[in-house]
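In: coordinates only, no sequence provided:
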């Protein structure tokens, strides 16, 4: 059985041909390529035309770290012009942990403006949303609900259990990464998530570091197998049984054929 990496920043990966070859050899059958900003969105659209395997599914958006209100209208136009090629809007959201945002209400408001605008695009196009919510779990959840988005995944969720409970209750999703194998916050959250509302990912090419052992690695799509293994170990469930559910979740959520 193949596997799907539901969150990868494909345009940021070095030696991409080699990485994709390793993904294919590892039986990664699909990758959801997630954008960071306007330039990234254009790059991902171009990559989609060049890559045959694995299957590439596209999400266009503006990561909160890349918030640029001057580019917002052009990004929205790009999304509408390519709406039939998209599987998601993302990565979008809020992040209050950045030092330049933490104590700056104006910066937080810029993030909220961009987030709301792109949530409204997703709602209007009836596309699922990939949400970044680090340090802003409640605000991000509240805005998703307020705009009325139908399908949403709170990516790499390791936040508040009370917000997680509401996410599950409303039928939204969360996703997890290889850090599930060692991170206590991730383990606490994901252990409480309904597997039928859970996606697995790598967030490639992020670097994962287990500070307890000082062991680390740079993620690429094939490492989504690590995420699966970590979940199976955490929940004491058969890997193939979990994988079948995760694949069905991903295909349904992102409309992957």
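Out: Arrived safely. All values reported here derive from a predicted model rather than from experimental measurement. Numbers count the residues shown, from 1 in each chain.
In: need the contact partners of the worst-scoring helix or strand of the chain on mean pLDDT.
Out: Least confident helix or strand, the chain: helix 99-102 with a mean of 83, by mean pLDDT, DSSP states H and E. Helix 99-102 is touched from outside by 64, 95-96, 107-108, 111, with contacts defined as C-beta atoms under 8 Å, 6 or more residues apart in numbering. C-beta: built from backbone N, CA, C; applies to glycine.
In: cool, and stretch 61-74?
Out: For stretch 61-74, the external contacting residues (C-beta under 8 Å, 6+ apart) are 34-38, 40-41, 75, 89-95, 98, 101, 107, 110-111, 113-115, 117-118, 130, 132.
In: check which residues of it are buried.
Out: For stretch 61-74, the neighbour count (16 or more other C-beta atoms under 10 Å) marks 61-67, 71-72 as buried.
In: in strands, which of the contacts of stretch 61-74 fall?
Out: 34, 89-93, 130, 132 (DSSP state E).
In: SS state for residue 59?
Out: strand (DSSP: H, G, I helix; E, B strand; the rest coil).
In: model confidence score at it, please.
Out: pLDDT recorded at residue 59 is 98.
In: count of neighbours near it?
Out: Counted with other C-beta atoms under 10 Å, the neighbours of residue 59 add up to 25.
In: hmm, back to that, filter the contacts of stretch 61-74 to the buried ones?
Out: For those, a neighbour count by 16+ other C-beta under 10 Å gives the buried set as 34-38, 40-41, 75, 89-95, 101, 107, 110-111, 114-115, 117-118, 130, 132.
In: state which helix of the protein is the longest.
Out: helix 105-125 (DSSP state H).
In: for residue 159, what are phi and psi?
Out: With angles defined as degrees, to the nearest 10, residue 159 sits at phi -100, psi -150.
In: next, the contact list for it, please.
Out: 133-135, 137, 185, 189.
In: at 10 Å instead, please
Out: Neighbouring residues of residue 159 by C-beta atoms under 10 Å, 6 or more residues apart in numbering: 133-138, 140-141, 167, 174, 185-186, 188-189.
In: roughly how far does it sit from residue 127?
Out: The gap separating residue 159 from residue 127 is 24 Å, by C-beta to C-beta, to the nearest Å.
In: go on, residue 9?
Out: Distance of residue 9 to residue 127, computed by C-beta to C-beta: 19 Å.
In: same question, residue 23
Out: 25 Å.
In: what do you get for residue 176?
Out: With C-beta to C-beta as the criterion, residue 176 and residue 127 are 22 Å apart.
In: ok, the two, which is more surrounded?
Out: More crowded of residue 176 and residue 127, by other C-beta under 10 Å: residue 176, with 28 against 23.
In: please, where are all the helices along this protein?
Out: Using DSSP H, the helices found in the chain span residues 16-25, 38-50, 72-81, 99-102, 105-125, 137-147, 161-169, 184-190, 224-235, 239-254.
In: so which elements touch the longest one?
Out: Contact here means 3 or more C-beta pairs under 10 Å, 6 or more residues apart in numbering; DSSP states H and E; on that basis helix 105-125 packs against helix 72-81, strand 86-93, helix 99-102, strand 129-132, helix 137-147.
In: now do that helix against helix 137-147, angle only.
Out: Note on geometry: by axes from the mean of the first three to the mean of the last three C-alpha atoms, to 10 degrees, helix 105-125 and helix 137-147 are set 40 degrees apart in direction.
In: chain center to helix 105-125: distance?
Out: Offset of helix 105-125 from its chain centre (C-alpha atoms, centre = their mean, to the nearest Å): 17 Å.
In: pLDDT averaged over that helix - what is it?
Out: On average, helix 105-125 scores 96.
In: now the angle between strand 86-93 and it, please.
Out: Using the same axes, to 10 degrees: helix 105-125 against strand 86-93 is 160 degrees.
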